[in-house]
Structure formats: C-alpha cells, structure tokens
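[1] this is the structure alone, sequence omitted:
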C-alpha cells in the first residue's frame, strides 16, 4: 500500500506542476504582451467585459484567437531569436489554412470554435507557449 500512496502523491504532484506551468505560461504571455510600457492593442479584446466574467467558460475559437495574437507578439518581441518558433507558427498557420480552405470567416465561423476548451487542449497550447518562452531565454524556470 505504501507504493500506491507514493504513486498517487507523485501523480498529484505532477498534475499540480502541470497546472502551475500552464498558469505561469499564460502569465508570461501577458508579461511578453506588456513588454512595452503600454498594453498591446490586441489585448483590449481580452480585457473587454463590463463587468468581467471570470467564471465564464472559454471556447476553442477564443483559445485560437488568443494563441494567434500571442504568436504575433512573440514574433515581434523575439524576432532576433526566431519569434514564436516553428511549432507555434505551424499550429496557427494550420488554423488559418483550415479557415481559408473551408471558407470560414468572421461572418461564417467554424462550428467547432464554439465548443468548450478542455484542459488537455489548454495544456497542449500552454506547453507550446511555455516551451518557446524557455527556448528564447525569457525564462529558465521549468
């Protein structure tokens, strides 16, 4: 039984670590976005909400838009270090190609963009952003 308890603690610790990394990754995106003295224009869409609803669920379209804007900011801020890098750039490019190929637009949105983001999707994208921030030297915390 001792081994089972240790395994459960290790799994719990790994989950907590992953969650903290995800939160830290998106916090670092915010810091990158605020690298300049003023808040970047693209962030205003995230700040809108009167009053803000911090308990509302996020959908896949919002995650895609946030990621696309973060990639643009990374490309600008770290242009001498390869910007957002190939993994994030290819992810966003794939979304853009899907929209272009299938005729999706702001007036004809992709139906799956309204689906709720699950934790796995958020971790996947958050890990990609976090890994890129580590590789460009923005942080060394793993």
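    It's in. Computed from a prediction, not measured in an experiment: that's the story for all the values here.

[2] and residue 58, how many residues sit next to it?
    Other residues near residue 58 come to 12 when the count uses other C-beta atoms under 10 Å. Heads up, the C-betas are built off the backbone N, CA and C, glycines and all.

[3] so where do the helices sit in this structure?
    In chain order, the chain shows helices spanning 2-33, 44-47, 60-77, 85-102, 119-135, with DSSP state H as the criterion.

[4] and the first one, average pLDDT?
    Summarised as a single mean, pLDDT over helix 2-33 is 53.

[5] next, count neighbours for residue 113.
    Using other C-beta under 10 Å, residue 113 has 16 neighbouring residues.

[6] for it, give me its contacts.
    With contacts taken as C-beta atoms under 8 Å, 6 or more residues apart in numbering, residue 113 has the following neighbours: 59, 60, 61, 64.

[7] distance of it from residue 104?
    Using C-beta to C-beta, to the nearest Å, we find residue 113 at a distance of 8 Å from residue 104.

[8] cool, and residue 92?
    With distances defined as C-beta to C-beta, the gap from residue 92 to residue 104 amounts to 14 Å.

[9] residues of stretch 80-87 that come out buried?
    Within stretch 80-87, the residues scored as buried using 16 or more other C-beta atoms under 10 Å are 83, 84, 85.

[10] alright, I will stop here.
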